Structures are given as C-alpha cells and as structure tokens.
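Peer 1: Take this sequence and fold it.
(one chain, ligands or ions: 2)
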Amino acid sequence: MFAALLVGCVPKEVSKNAMVKMAVPQLIPKPQFMELSGQIAYVLSEELTVFDDGGFESETEMLSAFIDRPIRKVESPEEADIRFQRSRWSRTPEAYLLNIDSSGVQITAGSNHGAFNAVMTLVQWKKGDHLKHVAINDEPSFRHRGMLLDCCRHFMEPEFVKRYIDLLARYKMNVLHWHLTEDQGWRVEIDAYPKLTKVGAWRNEKDSSIHGGFYTKEEMRDIVAYATARHIKVIPEIELPGHSSAAIASYPWLSCTGEQIPVENEWGVFKDIYCAGNDSTIAFLETVLDEVLEIFPSDVIHIGGDEAPKTRWEQCEKCQRRIKKEGLHDEHELQSWMIGHFAEFLDSRGRKLIGWDEILEGGLPEGAMVQSWRGMEGGITAAEMEREVVMSPTSHAYFDYDVRSTDLEEVYSFDPIPESLSADQAKYIIGGECNMWTEHAPQDQVDSKVFPRILAMAEVLWTYPEERNYQEFEHRVDREYAALDELGVDYGAATVPFEFANAELGKVSIVDRVDGLKVSWRVFEEAWQEGREIIIPPGLHEYKVVGYKNGKVYGDTIELNLANHLALGAPTKVINGFSDWYTGGGDKAMTDGFSGSFDFRDRHWQAEQGVDMIYEIDLGESKSISSVQIPVYIYGNAWIFSPEYIDLWSSDNGLNWEKFARIDMPSMSGDVEQRIVVAVKDWDEFTTRYVKVEAKNPGPCPDWHDAAGQPSWVFMSEIVIN
Ligand code: ACM
Ligand code: ZN
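Peer 2: Ligands and ions are numbered 1, 2, ... in the order given. Below is the predicted model of the structure:
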C-alpha cells in the first residue's frame, strides 16, 4: 500500500533491500526502515551544539526540553553535535531521516513536524551521551494518531494534561481528543454563559463530597500552545445533543422540559438532552462553539453525537414542530438535522465536524467525519460514503476496559483498516484513537490504564503491519519500563499476569503469563506465601493471589475460590446444558475445584436462562456423604436470580433416583444487589455412588423488576460434596 519513502532524499544505503536486519533497537513505535551496527558512533559534547539550516527553532527548543539540558546554536555544521537540515521534498508531511555516524547527528525533514518526529526518535535512542550508529528513514502509516482523555467524569489538572501531551509526543501520537463536556461536568469556561462553570463544573458525590473543576480560557490556550509546540493537535469535544446534563443543570431552559436537574453523579446515559426544537438552545450551542473555536485552532471539532435517547424529543412540542417544519420523518432525522446544522455552522467558519458513529443514524450530514466506536461498522459505512474516519472500536481501543478484555496483545492486533474495504475506500481511514474514559479512573489511576497499552496503539498507528511482530514488540515494552519509571509513569499490567491450572486433584498451580513475575498468595487472611503451587484443604476456600514485577504490584489482586471434596474431578452429566456465554469451563466445570468469584464473568460460573439446571455426578464408587455446598450468584440488576430451590437425589446405578433433600433458597423481592450465596445442606451420613442436583429456575423476572416477564438467569459454581 505504501511505496518508497522520502523519494529524492533517501541515502542509497538506507534502501530497504540493503537494510541490515539486526536486533531491533529500543524504539517505540518502531521506525519503518533502519540500518544499525550496534557500535557507538558518536559521543555528545557536554555542551550540546546544534546547527539549523533554517526554521527549526521550535524543534531545537523541544530537543532541549525533552533531554533537559541547554543547547548552543552554532554557525557551521562541522561544529555541531546535531544538524537540522530542511529537505526540499518529502513524500509525506511527517517523514524524516535520522542519521548518526562519527560526524554526529543529522536530522533531515521536509517539515517541522518531520524534524520533531526525528527529535522524538533521538530522545528515545540516546542513552546518556553515547549514541549508537543508526540510519533511520521513517514516516507514519496513519496521519491521525490520537488519544481521547475524558476530563469530565474526573477532572484532570492542567499540568496533568500537559504531562500527557509530552507522553503522547514521546510515542509520536499527534492528536489529543479532549473530552470537555459531559453529564457529570462541564469543563470549558464560556464568557457568555458563566453558570456552565459556576454550576455545571461541580457535582455532589454520593458521599456528600464535591467533585469538579474547569479550565479557564488562559489555561486552555496555554495547553493548546504547549501541544502545538509538540506537533499535537488538540481536538475539543463539545457533546451534543446528549451527555448534556451538566449544561442543562446550569441552564434548564436548554432541555425539552425546562425542569431543573442536577449535575449527574451516576454513570450512564440520561434522557434529558438539548431540545432540538428550541431556537434558543441552538443559538446557545452556536455561541459556545464560537468561543471554543477562538481557543482551539484545530481544523476538526468533535461534537459527540453518541448515546442520545430520543424520549424527550418524542414528547416535546418544539421538537415535533421542528420535525414537521423541516419535513423530517422521525427523531433520528431530527438528530441528523441538528448535526447537519452544526456541520454547516463549522464549515462556515472553516472547520470540519467529527462525531461518534451514531451521527450516521438518520443520514450523515454533508462534510461530517465519523469516529467509529461501536465496532468498525460505522467507520466502514462512512468510508464507503467517502468520508474520513477515525477508528476507535471498543474491541481494541477502550483503555477504561480491564486488561482481561483488552490486553496489550489485543491492542497490538488492532488493524484500523477493515478487510471489507477496497484500497480506494481504505484511504478514508485516516487513523485511530485510544479512548480513556474516566468513570472509574480519577487522575491518579489514568497512567495504570493507559500504560503500557498506548505503546501498542502508537505502534499500530505508526508502523507498517509488515514491520510489526508482537513478541519482538513485547521485548521493547519490557525495556521501556525503565524509561517509564524515570518519567514517573505509574503503568499498569500489560495483561492478566497469571492463570491457574489443575496440576492434579486438590492442587492448583499458578502459571505466569509474563516474564519476571513474583507471586504471593494467601488463603483467607492468613500469611502470604510464595511459590506457584496451592494445595487445597478439604472444603471451599477463598484465596487471594497477587503478582509483582519491577518491584511493584502488577495487575489486580485476583480473588479465587477453590474447593477440595469427595466429588473433585468426578464425571458429570449435564442434563440441561449451559449457555454458551457462561460455560464455566464446560462439562467438567461443576467438579473441577474452581468456584466462581465476585466477578460473574470470571469463567468459573456456569449459567443458563429460563430453564432448570440439572447435573448427575458419578462419584466413581460408593462413597459415604453427609453434606453439600453449592455457590449461587445473585444479581437482580443483571437478571440473575436465586433458584427457587435445589433438590438432591441419590442413586446406586445412575438410573433409579431417590430424592433425599431439598435446599430452600431465599426469595428476592426487590433485591437487585450482587452477592454470592452458598446453598448448604447437611444430613446423616449415607453411602451412594451417584448424586443428582436439580436447581429450579425461579421463572420469569417478577413484576417489581425492570425486565418483568423476561426469562431469569441462574448462576451456579462448584458442587462441593463431602
Ligand atoms: C462512547 O464511548 N460513548 C463514544
Ligand atoms: Zn425539545
């Protein structure tokens, strides 16, 4: 797809055929083409000297800032450690050449952005003052390489935002998508509407504390200038028509009902949104956008457009009048009308509108760009319409998600170009973003979500697919941790640090999934133990397992329930099957020694919807039994109910069954919270070979429930027989 780079100024020895493929140097993202010898070629002088053949003052300043030492400019290239040279031509705006040999460092680029990229490569390449020989010829795969930072769900200090700009620059990302307005907080100072920040920037938390903050115009201009010097475009996101509770809390007339609402302190999607029928609301948004445009020079402005319930519009006279007047069919077309209005508005001011993929619904307005988040489909549709697309699907790009769903390798496997697009259509995919939503990540937890995963995103967006290899990348990430430590980045886990295996009956081993891990575990609150083998005493027990790497906790502490009992490993006939979504590990799940944890998606729970769950367990020979324990998960809000009862049967041949006990289970009137209940029964000891467990589904969700009439789920785990 991409042919030669920087044709016209490529030194011959850096052509791809001649390239010597050696150990890949410690650079993230990996450059497209490089040649290196592993030898020290040059030692920088104590007082760093720079020759600039014209116009690279800002990049020289950035070099000085990133390596944290003063630089002296010199008049002749011979005297300089580092020489900037402007080439007359470069294939793409961000391309650069970096050459280090015994004469020093030569940076060649056709643009300041290209030279800045070279500086960022040099910053990573430099180890002390010693520079190894290298010849790099580099340019990005994609021109839009971004990160969304949600400063609304949790406010981030201006200094923190600047720190992220430096971190983005280090990895050659070039867009900060700054999420500035939300249900839970309005963060942009707007002169015409002071209550947006007096009222809308603050929320009362459930514990009576107040959370909030906002950016003054001066702070935002400062941040934009800081980013611009680092060749990072700041795209502000001003959400409309949804996610607007904080604005409506400030000025209730903006909504359809005009009723006072609070700045939200719950997470979710809310039905009070901007009224699309009210001209004053439209004028308000125009004024807000005009003030925003004064601060942000970005050619692209994000207007959100996601998750806007149409409930209020359906019942609003003004909205219905607008639908009629504009000849629209429904509320989706009303949203499309509104987005179209602001696309035109921005166009008249020389800017382009981008919105989340919901803006396709009801028709994509002329000139609008699309950011695809609900998978890749929205992006595909937009590219087919020859509209520019930024890809950030939840499958690979949501860094608020746990590493259990999106680990480093998953991010690295991201391909922003869907296979179904033709080469011509693929050109409309201009890049991607990773999205850092902060509902569950206040400022001090953002690093642990973003790092190291952003390293994978940076490389996916920069380095050609044929130059990428995960195992090799993982080695570079491992070496990058030292740099991150030095930069004060509180990185999180790259992946789930370990998994568990049944070594043999009654024994579970901890299997490392990352290199250099130290592991400690304990049962209940007893002393921590080291080692990779857990011998389980009879019964059902709670364990905690924690990993350490590079001297700090690595990943989440894992809570694990393990059991040792008479039926451990016993063959089980699953009579009614189990849902594909919750297999718990399949046919052996109910006697495998693993019992589900508080996270009902932990793959140890077996579940089925709307039917009784029936298991026949073969103990292998007649055994004397006197008790059973069966963990049951309850979570009304997720339609997970307690079985009505659990019947226990015995048999000597697996054919003729005799019921010997019933466990009555709690009823769940109005009960929506999540918890684990262990169904327990003891009886006078008797001998049997087979045990049947029959858990009665409680029937449809009851009348008091939001999903009344829908089939309920039952979740069960290990059947512990003793
Ligand atoms: C989104 O995650 N609602 C864009
Ligand atoms: Zn309305």
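
Peer 1: so what's the residue most central in space within the chain up against?
Peer 2: In the chain, the centroid-proximal residue (C-alpha atoms, centre = their mean) is Phe399; its distance is 1.7 Å. Listed by C-beta atoms under 8 Å, 6 or more residues apart in numbering, the contact set of Phe399 reads Thr406, Cys434, Asn435, Met436, Lys449, Val450, Arg453, Ile454. Any C-beta I mention is one placed from the backbone N, CA and C, and that applies to glycine too.

Peer 1: change it to 10 Å
Peer 2: 147-148, 406, 411, 434-437, 441, 446, 448-451, 453-454, 457, 492 (C-beta atoms under 10 Å, 6 or more residues apart in numbering).

Peer 1: can you pull out the helices in the stretch 401-550 of the chain?
Peer 2: Assigned by DSSP state H, counting those that start in this stretch, the stretch 401-550 of the chain shows helices spanning 408-412, 423-426, 443-450, 453-462, 470-486.

Peer 1: secondary structure class for the nearest residue to Gly110 once chain neighbours are set aside?
Peer 2: Using C-beta to C-beta, 6 or more residues apart in numbering and skipping the chain neighbours, the partner closest in space to Gly110 is Ser90 (3.0 Å). When classified by DSSP: H, G, I helix; E, B strand; the rest coil, Ser90 comes out as coil.

Peer 1: Give me the neighbour count for Ser90.
Peer 2: Around Ser90 there are 22 other residues, counting by other C-beta atoms under 10 Å.

Peer 1: how about it, phi and psi?
Peer 2: Note on Ser90: its backbone torsions stand at phi -140, psi 150 [degrees, to the nearest 10].

Peer 1: and it, how far is that from Asn117?
Peer 2: 11 Å (C-beta to C-beta, to the nearest Å).

Peer 1: Find the residues that touch each one of those two.
Peer 2: Tyr96, Ala109, Ser111, Glu139.

Peer 1: Now do the same contact list for the last one.
Peer 2: Residues counted as contacts of Glu139 (C-beta under 10 Å, 6+ apart) are 2, 5-6, 31-33, 90-97, 109, 114, 117, 462, 464.

Peer 1: now, which of these lie within strands?
Peer 2: Among the contacts of Glu139, the members falling in strands are Phe33, Tyr96, Leu97, Ala109 (criterion: DSSP state E).

Peer 1: Same list (those) but as JSON lines, adding neighbour count.
Peer 2: Listed next are these as JSON lines, based on neighbours: other C-beta atoms under 10 Å:
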{"residue": "Phe33", "neighbour count": "21"}
{"residue": "Tyr96", "neighbour count": "27"}
{"residue": "Leu97", "neighbour count": "26"}
{"residue": "Ala109", "neighbour count": "29"}
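
Peer 1: Let's have these in JSON lines, adding pLDDT.
Peer 2: Converted to JSON lines, the ones in strands among the contacts of Glu139 look like this (pLDDT from 0 to 100):
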{"residue": "Phe33", "pLDDT": "95"}
{"residue": "Tyr96", "pLDDT": "98"}
{"residue": "Leu97", "pLDDT": "97"}
{"residue": "Ala109", "pLDDT": "97"}
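
Peer 1: Of these, which is the nearest to Arg468?
Peer 2: Nearest to Arg468 among the ones in strands among the contacts of Glu139 is Phe33, at 13.7 Å by C-beta to C-beta.

Peer 1: Now the closest one: closest residue in space, sequence neighbours ignored.
Peer 2: Asn137 (4.4 Å).

Peer 1: any idea whether Pro236 is helix, strand or coil?
Peer 2: Pro236 - assigned by three-state DSSP - is strand.

Peer 1: For it, give the beta-bridge partners.
Peer 2: Judged by DSSP bridges, the bridge partners of Pro236 are Trp178.

Peer 1: For stretch 114-122, what does the pLDDT average out to?
Peer 2: Averaging pLDDT along stretch 114-122 yields 98.

Peer 1: gap between Ser45 and Gly104?
Peer 2: 9 Å.

Peer 1: Mind checking which of these two has more residues around it?
Peer 2: Gly104 (22 against 13).

Peer 1: quick one: the more buried one and Phe84 touch, right?
Peer 2: No. Using C-beta atoms under 10 Å, Gly104 is not in contact with Phe84, being 11.5 Å away.

Peer 1: okay, and the common contacts of the two?
Peer 2: Counting by C-beta under 10 Å, 6+ apart, the residues touching both Gly104 and Phe84 are Phe51, Pro77.

Peer 1: what about the chain, any weak spots by pLDDT?
Peer 2: Applying pLDDT under 70 to the chain flags residues 1-23.

Peer 1: which residues in the stretch 101-250 of the chain form helices?
Peer 2: Using DSSP H, counting those that start in this stretch, helices in the stretch 101-250 of the chain cover 112-125, 158-170, 195-198, 217-229, 245-250.

Peer 1: nearest to Asp682, of those helices?
Peer 2: Here helix 245-250 is closest among the helices of the stretch 101-250 of the chain (C-beta to C-beta), at 52.9 Å.

Peer 1: Next, the angle from the following helix or strand past the closest one to helix 217-229.
Peer 2: Proceeding N to C from helix 245-250, the next assigned helix or strand is helix 279-295, under DSSP states H and E. Following axes from the mean of the first three to the mean of the last three C-alpha atoms, to 10 degrees, one obtains 50 degrees for the angle between helix 279-295 and helix 217-229.

Peer 1: CA atoms of helix 279-295 as PDB?
Peer 2: The C-alpha trace of helix 279-295 is given here as PDB (Å, rounded to 0.1, in the frame of the first residue of the first chain):
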ATOM      1  CA  ASP A 279     -34.000  28.100  18.600                       C
ATOM      2  CA  SER A 280     -32.500  29.500  21.800                       C
ATOM      3  CA  THR A 281     -30.800  26.100  22.500                       C
ATOM      4  CA  ILE A 282     -29.400  26.100  19.000                       C
ATOM      5  CA  ALA A 283     -28.200  29.700  19.500                       C
ATOM      6  CA  PHE A 284     -26.700  28.800  22.800                       C
ATOM      7  CA  LEU A 285     -24.600  26.000  21.200                       C
ATOM      8  CA  GLU A 286     -23.500  28.300  18.400                       C
ATOM      9  CA  THR A 287     -22.300  30.900  21.000                       C
ATOM     10  CA  VAL A 288     -20.500  28.100  22.900                       C
ATOM     11  CA  LEU A 289     -18.900  26.800  19.800                       C
ATOM     12  CA  ASP A 290     -17.800  30.300  18.600                       C
ATOM     13  CA  GLU A 291     -16.000  30.800  21.900                       C
ATOM     14  CA  VAL A 292     -14.500  27.300  21.700                       C
ATOM     15  CA  LEU A 293     -13.200  28.000  18.100                       C
ATOM     16  CA  GLU A 294     -11.400  31.100  19.400                       C
ATOM     17  CA  ILE A 295      -9.400  28.900  21.800                       C
END
